[in-house]
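Asker: Build me a model:
(2 chains)
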Amino acid sequence: MNAPDLKLVVDNKAPLGGTNAAAGVSRFHESARAQVAGAATYIDDIPEVRGTLHAAPVCSPVAHGRLKGLDASAALAVPGVRGFIGPEHIPGDRMLAAFAHDEPVFAEGTVQFLGQVGGLIVADDVMTARRAARLVKWDIEALEPVLTPQQAHAQQSYVLPPVHVTRGDAAAALQRAAHTLTGAFEVGGQEHFYLEGQIAYVLPLEQNQWWVYSSTQHPGEVQHWVSHALGLANHSVTVECRRMGGGFGGKETQAGHLAVWAAVAAQTFRCPVKLRLDRDDDFMITGKRHPFAYQYQVGFDHTGRLCGLELDMLANCGFSADLSGPVADRAIFHADNAYYLEDVAIHSYRCKTNTQSHTAYRGFGGPQGVIVIERIMGDIARHLGIDALDVRLANLYGIEERNVTHYQMAVEDNILQPLITTLAQTANYRERAEQIAEWNAGSPVIKRGIALTPVKFGISFTATLFNQAGALVHVYTDGSVQVNHGGTEMGQGLNTKVAAIVADELGVPFERVLSTASDTSKVPNASATAASSGTDLNGRAAQFAARQVRQNLAAFVAGLDGVGAGAVRFEGGQVITEKTTRTWEAVVGAAYANRIQLWSDGFYRTPKIHYDKVTMLGRPFYYFAYGAAVTEVAIDTLTGESRVLKVDILHDVGRSINPAIDIGQIEGGFVQGMGWLTTEQLVWNGKGYLQTHAPSTYKIPATGDIPAHFNVALWPEPNREDNVHGSKAVGEPPFMLGISVFEALRDAVAQAGGRPQAMNAPATAEEVLRACS
Amino acid sequence: MLARMKPPAPGQTLRFLRRGEPVTLSHVAPDRTLLEVLREDLRLTATKEGCGEGDCGACTVVLGEVVNGQLTYKAINSCIRLAHSVDGMAVWTAEDLASPAGDLHPSQEAMVRCHGSQCGFCTPGFVMSLFGMYQNTGGGQGITREQAQADLSGNLCRCTGYRPILDAAQSMGALPLPAGCGVDEADTVTALKALKKKPATDTPYLRPGTLAALLQARAAHPKAQIVAGCTDVGLWVTKMHKRFERVLDVTGARELQRIETYPHHIAIGAGVTLTDAFAALVKERPQLKTFGQRFAGLPVRNSGTLGGNVANGSPIGDSMPLLIALGASIVLMRWKKTAAGGEIAHRELPLEDLYTGYRTNVMRPDEILAWIKVPRPTAQEQVRVYKISKRFDDDISAVCLAIRLGITDGRVTMASIGAGGVAATPVRARRTEAALTGQAWSEDTIMAAAATLRDEFQPISDMRASAHYRTTVLGNLLRRLWLESQGAAVIQLDSLQNVEALT
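Answerer: Residues are numbered from 1 along each chain as shown, chains lettered A, B, ... in the order given. Model prediction:
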C-alpha cells in the first residue's frame, strides 16, 4: 500500500536491508489514515474530564510601562467566570524556569510588550473566559517602548552580551581589497503559524501530582517549568504529547508558558484546566523568528572571491533571552553558508526590544546567517558584472584547503561543488539566465529573474549537552512491538521513521511496530525535538534499544540451535538460523516462557562534537547537510507583485529512510522559506502593537503560490559520518533554499533597472516596487 | 469543586442531516457557531479550529441542499457560520466520509497516497474541500491543477508546501469508490425534504422563507442582527465576542436566492452566494474570472453573499469598487403597513450613495438590502478590475481599482471608476472620471488621469501598505489599462501563470 507513483522520488532504489525492509521506502505517515478521517487526536480533541474549566489570557494593552495593578472586578461579575489567576497564585517560583531566568510567569512590576500575559480568567467555558479576559483593566504608567534593534543597539540594551567571532584581520584585508562594498539590510521575523494553536490541558492527579497534555516539542522542559512554578519535584509532573498540529520551533519553549499558566490555574482551583489560545492571542503573545538587521563591509578580488568581511548582526530578541543566545550563535555559525571566509569579523548583538520574545523557528538563526552572505554574493556579482553563480563557485569551501570555518571546524564532507554544478546543469541555469535577460529586454512591464543559492547547514544542537536521546522498545508476548522515544511528532514523520528503523532492527514488518505518545514518565530528560536532530538522535536510540532486544532473542535462539548468536538472522518476520526458521511470534513466545527480557532501553549521544562556548571555536556540528535550489521569478514593475515560476531543488538527505517524507520536508521547508521572504510580513505599529495578528492580515503561502514546475531530487550519497541508516537530518536545511526566491527577485529588480541592494525582506509587492523605482 | 450546572442556554431547536440521519439539538443559542456545535455539543472533533475567522480552512465542512430538485454541495467554514443557518441542510464532516467498514473515501485515500498529510491538523479541512470538489465534478473527474489551486485557495497548510495536496486533488478521481462511501443522493434528497419545516416567526434565530416574511420580521425586530453568509459577522462573534439575542438571516427568502436577467441589467438577490454571484458576473464579463477567484477563498465565497459584502460596507470589501465601476444600483426594501395589512416598499439608489462613512450607510432600521442590479455589458465598454494584495489568493486588497470606460471613435465617452482601500468607504473616483471623459483616448490623457487619480484620495498607511504605495499603484494601474488597450503582450503576472517558464 505504499505510494504507487511518487513522481518526485529520484532515489527509489531497493530498500536498505533487503526487500522486506521498512526503511528506505516511502511509507505513509503512521497517522495518515487517522488524520484524513479526522480520527487523529490533538489535545483539544481529548474528551474533557468532568469539571474541566477553561482559561483565557489577560494581555497587556501597552508595550512598556510600570504595572501598578490589574482590576478584574468587571470580569469576575460575568456569569460563568470562576476567578482571576495572577502571580499571587503561583506556589513556586514566579519566574519561569527559562535558562536566563528573566521571564516572569505573569507580568509583575513592569509590562514589557503589548500582549504580555498578566493573568488568566478562568471560566466554565472558553468563550466566557475570553470575553471576560477583555474586561480586566490594566493600571499601567506607560514608558517609552524600544521597538527596533537599532534603537536597542544604540542604547546598548541587550538580553545577552554581544558575541564576536573573528579570524585573521578583517580590517587589514578590507584595506588591501581590490573591491569593496558596504551594505545595510533588514530581514523580518516570521510567525510560525502552526495550524494547531498553542494549547495545554492540565489534570490533577492524587497527592499533588499533575498530568499535563501539552502541544510541545519539548515535554521535558514543560515538565521542568511546571514543577518549578508549582514548587514541586520534577517527578510529580508528567507531560504527554501524542502529536502537534505543527511546531516549526514555535512549540519549543512557548508551549511551556501555556502549560505553566494552566497548571497554576488548575492548582488554584484543584480542577482540570484547559488553556487553548485564540489565534489572535497566539500571535500577540508568542515569540516569532528573530528579525535581524545587518551592516557589512566586504572586500573581494576581480573574480568575486572574498578577502575580507566585517559584519554586524543585530538580532531583535524581544523582551527576554528565551533561546536568543543559541539562535544568534547559529546565525554566526551560518554567516559563511557555503563559502570560505578568510579574514572575517562578525559582531553579534542580542537586542532587547519591547516586543514578543522571539524564539526558535526552523533554521534557528541559520537562515538569518545564510541570507546575508547570499545577498553579498548577489551584490558582488552585479558590482563586477558577472554571473552570481560564478561568484558563488569562486567562494565555495575547498576540499583540501580553504576548508576550515571561521569557527575552526574543518568541513570534511563537502559536496557543494558537485551538487551545485549538477543542479545548474539539470536546471539549465546558465542558458535560462541568458534567455531571461533577452526576454526582459523585450518586456517593459514584467521582468524575470533567476538565482541559484546553496545551503550548508550544521547538524547538531550547538548546546552539546542536548545531543543525547533515549528510547524504549517493548516487545509484547504476541510479537507486537511498541517504541517510545524522547522525540515528538509534529508532522515531520519522526514516528514513521523510528518505527521503520525498529522494524528493520527486529526484522519484523513495519505494521508490527507502534510508536506511542511522547511521555516524560517513559523516557526522561529528553531534549527538544529540534535542530533537525529528531531522527538522528531518537532513531539511533530506538535502534540501540531494539538491538538489545534482538541480541537477547538471538542469544536465546542460538542456545536452542547450538549456533553462534551472531549467526541468527531476523528478517521478514522470521528468525533464521542455519538449522531452523521460526516465526518472530514463536520466538517471542518461547523467549517469554524462558524469562528472556523482551524490552529494553536505548541511549545515544552524538560523537565527535565539542566547542568552547566563550570563544565559539570548535566542532559544534557532527556533519553538514547540503542542498541547492534554482528559482525563477517574475515581477510586475507597475505594482511590485511577484510570482515564482519555476523551482528546481537538489538536496542532500544522505541515504533516505523515507524518500516521500524527506521530499515533504524539502518542499514544505522551501515554501515556508519562500513565505518568510515574500508575503509574510509582521507589522508592529509605533506603539508596539502587532497589526498582523491573524491569517487575514498575515499571509503565509497558499496553494496558488506554488509553481507547477517544482522539482525535487535527492543527492545519491549516504552520510559520510556514521549516522542512523546513513541518513542526514532534513527538517531545517531546506528552509534556506527559499533564499533563492529572494535572490531571484533581486535579480529581477536589477534587470528592471532598480536597486536590488536596497531591497529588504520580506519582498512584499510594496518592497519590490520601492526597490524598482 | 465541580462545575455548576450551566443554566439552559436560550435558543431553539436545530436539525440537520448527518450520514442520512437527522440530528436534533435543542437550546442552541442564536450566536453559536456550527464549529462549536460540532465539537462541543456533538463531540465531533474531526473538524478543527485553526483561526476562527474563515481564513485557514481547518474547519471546512460540506453542506448539502436541494436546489431545483438537485443536491448541491458547498464547502464552507464552520468556524464563522452560525449553526442555525444550516437548519434543514445536510452536513458532512471528515468523520462522515469513510465507509462503515473503514474504507477511506477517494478524497481521503488520495491524500494518504500522495503524502498530503504531515502534521494532519489542516487535513480534515482539505479533505472536506476535496470532497466538495469530488461531489461537484462527478467523482473527481477532470480536475486540473488550476482548478485544484482555485478551489483549495481557502485552505492553508504549513507543512507540505501543497504539491502533494494538489496531486491528491488531481488523482482522487482515478481511485475506486469503496462500497458504503458515496452519497446516496436520492435518499438524501428525500431525507432533506422530510426535514423541512415551516420557518418560525418568533425564535431567536429567524430565517424567513419569503421576502414578505423577511421584511415583516425586520420591521418587528429592528434590533436583530442581520446576517447573510456570516463571513464577516461571524468574526464579530468569534473575535469581538459580541452576543446576539436575535439574528435575522436573509438567505432563506426564496425570492432573494435568485439571479434574474433583464435586457439591460441582471439583478442579484441578497441571498445569492458570492460563488453564484461571481459566476453570473463572469458570464456577462469573462475578464472578471480571475478577480472572482481571488475574492476570498472558496469556502468564504460559498457562504458569503454579494449583498452582504455590499451592505457591510467595509472599506476594503472588493465587490464594491467593481460594482461602482459597472454602474450598479441597489434596491432597499421594507415592509410598509397599509390598511389592507401591508406591502413591500422599495427604493433604488446608486451603490456608491449607500455609504455615509466608515461602515455607516443610509439604510433605515426596517430596511433590507434586497437586490443588486448590475448593468449588462455594452459593445463600447472596456472593463478592467485590478486587485493588489500581499498574497495573490484569499487576501484583502491593499488597493482595488475597477474601471469601466466607453470609447467611441478614439474618444472616452464615459468613465466609471471605483476604488477600494483608499478611503473610509469604497468610493467613486469622480475627478479621475472627469479627467478622462470627453478626452482623446491617448497616452497623454491616461497620464493626466493617472496624476489626477493619485491626487484624488488620501489613503492611510496600515499593515497592508503605505499611503505612498497605494497612491503610486493607483496611477500605475491606469497606465496598465492603457498598455493593455494597446495590445501589449504579457504585462500581467496572471498571464505568465500558464506560460511555461523559460526552459
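
Asker: Can you pull the domain assignment for chain B?
Answerer: Listed by automatic domain parsing, the domain ranges of chain B are B:12-194, B:205-375, B:381-485.

Asker: Which of these has the highest mean neighbour count?
Answerer: With neighbours defined as mean count of other C-beta atoms under 10 Å in any protein chain shown, these peak in mean count at domain B:12-194, which reaches a mean of 22. Bear in mind the C-beta positions are built from the backbone N, C-alpha and C, glycine included.

Asker: Indicate the residue of chain B located nearest to chain A.
Answerer: residue B:46 (2.1 Å; C-beta to the nearest C-beta).

Asker: Show me the strands in the stretch 151-300 of chain B, by range?
Answerer: Taking DSSP state E, counting those that start in this stretch, the strands of the stretch 151-300 of chain B run over residues B:205-206, B:225-227, B:247-249, B:259-261, B:265-269.

Asker: hang on, the earlier thing: you'd agree the residue of chain B closest to chain A is up against residue B:94?
Answerer: Yes: when contacts are counted by C-beta atoms under 8 Å, residue B:46 is listed as touching residue B:94 (3.9 Å).

Asker: Can you lay out the domains of chain B as a markdown table showing mean pLDDT and distance to residue A:345?
Answerer: Shown next, in a markdown table, are those (pLDDT from 0 to 100; distance: least, C-beta to C-beta, whole Å):
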| stretch | mean pLDDT | distance to residue A:345 |
| --- | --- | --- |
| domain B:12-194 | 97 | 37 |
| domain B:205-375 | 95 | 48 |
| domain B:381-485 | 95 | 36 |
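
Asker: Among these, single out whichever gets nearest to residue A:465.
Answerer: domain B:12-194 (28.2 Å; C-beta to C-beta).

Asker: Run the chain-centre distance for the closest one.
Answerer: On the basis of C-alpha atoms, centre = their mean, to the nearest Å, domain B:12-194 sits 17 Å off its chain's mean C-alpha point.

Asker: Show the end-to-end separation of that domain, please.
Answerer: End-to-end distance of domain B:12-194: 19 Å, with C-alpha to C-alpha, to the nearest Å as the criterion.

Asker: State the distance from the residue nearest in space to the middle of chain B to residue B:384.
Answerer: Residue closest to the mean C-alpha point of chain B, counted by C-alpha atoms, centre = their mean, is residue B:301 at 2.6 Å. Taking C-beta to C-beta, to the nearest Å as the measure, residue B:301 and residue B:384 are separated by 21 Å.

Asker: Same question for residue A:696.
Answerer: Between residue A:696 and residue B:384 the computed distance is 26 Å (C-beta to C-beta).

Asker: Flag every residue of the stretch 201-350 of chain A that's near chain B.
Answerer: A:243-248, A:269-271, A:278-280 (C-beta under 8 Å from any C-beta of the partner chain).

Asker: Identify the farthest-apart pair in those.
Answerer: Every pair of those checked by C-beta to C-beta; the farthest is A:248 and A:270, at 35.1 Å.

Asker: So what's the residue count around the residue in the stretch 1-150 of chain A positioned nearest to chain B?
Answerer: Residue nearest to chain B within the stretch 1-150 of chain A: residue A:38 (2.1 Å; C-beta to the nearest C-beta). Per other C-beta atoms under 10 Å in any protein chain shown, the neighbour tally for residue A:38 reads 26.

Asker: Name all residues that make contact with it.
Answerer: When contacts are counted by C-beta atoms under 8 Å, 6 or more residues apart in numbering or on different chains, residue A:38 touches B:44-47, B:93-95, B:124, B:127.

Asker: can you check residue A:369 too?
Answerer: Here residue A:369 is in contact with A:313, A:330-337 (C-beta under 8 Å, 6+ apart).

Asker: Most neighbours among those residues, which one?
Answerer: The most neighbours of any of the contacts of residue A:369, using other C-beta under 10 Å, belong to residue A:335, which has 30 neighbours.

Asker: In a strand, it, correct?
Answerer: No: counting by DSSP: H, G, I helix; E, B strand; the rest coil, residue A:335 falls outside a strand, being coil.

Asker: And the closest residue to it other than its chain neighbours, its phi and psi?
Answerer: Of all residues not flanking residue A:335 in the chain, residue A:369 sits nearest, at 4.2 Å (C-beta to C-beta, 6 or more residues apart in numbering or on different chains). Note on residue A:369: its backbone torsions stand at phi -80, psi -50 [degrees, to the nearest 10].

Asker: What does the pLDDT read for residue B:7?
Answerer: On pLDDT, residue B:7 comes in at 49.

Asker: which residues of chain A score low on pLDDT?
Answerer: When residues are selected by pLDDT under 70, those of chain A lie in A:1-20.

Asker: Break it into its domains for me.
Answerer: With domains defined by automatic domain parsing, chain A comprises A:32-40+A:468-605, A:50-143+A:192-285, A:415-461+A:621-773.

Asker: Save those domains as JSON lines, and put in distance to residue A:162 too.
Answerer: Listed next are the domains of chain A as JSON lines, based on distance: least, C-beta to C-beta, whole Å:
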{"stretch": "domain A:32-40+A:468-605", "distance to residue A:162": "24"}
{"stretch": "domain A:50-143+A:192-285", "distance to residue A:162": "15"}
{"stretch": "domain A:415-461+A:621-773", "distance to residue A:162": "22"}
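
Asker: Verify the contact between residue B:291 and residue B:385 for me.
Answerer: Yes: in terms of C-beta under 8 Å, residue B:291 counts as a neighbour of residue B:385; the distance is 4.9 Å.

Asker: I'd like to know which elements the helix or strand hosting residue A:266 is packed against.
Answerer: Element membership of residue A:266, judged by DSSP states H and E, is helix A:254-269. Helices and strands touching helix A:254-269, by 3 or more C-beta pairs under 8 Å, 6 or more residues apart in numbering or on different chains; DSSP states H and E, are strand A:53-59, strand A:81-85, strand A:117-123, strand A:199-204, strand A:210-214, helix A:219-230, strand A:273-276.

Asker: Export the ones you listed as CSV, with columns for mean neighbour count and distance to residue B:216.
Answerer: Formatted as CSV, those follow (neighbours: other C-beta atoms under 10 Å in any protein chain shown; distance: least, C-beta to C-beta, whole Å):
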stretch, mean neighbour count, distance to residue B:216
strand A:53-59, 26, 40
strand A:81-85, 23, 39
strand A:117-123, 25, 38
strand A:199-204, 25, 46
strand A:210-214, 25, 51
helix A:219-230, 25, 57
strand A:273-276, 26, 42
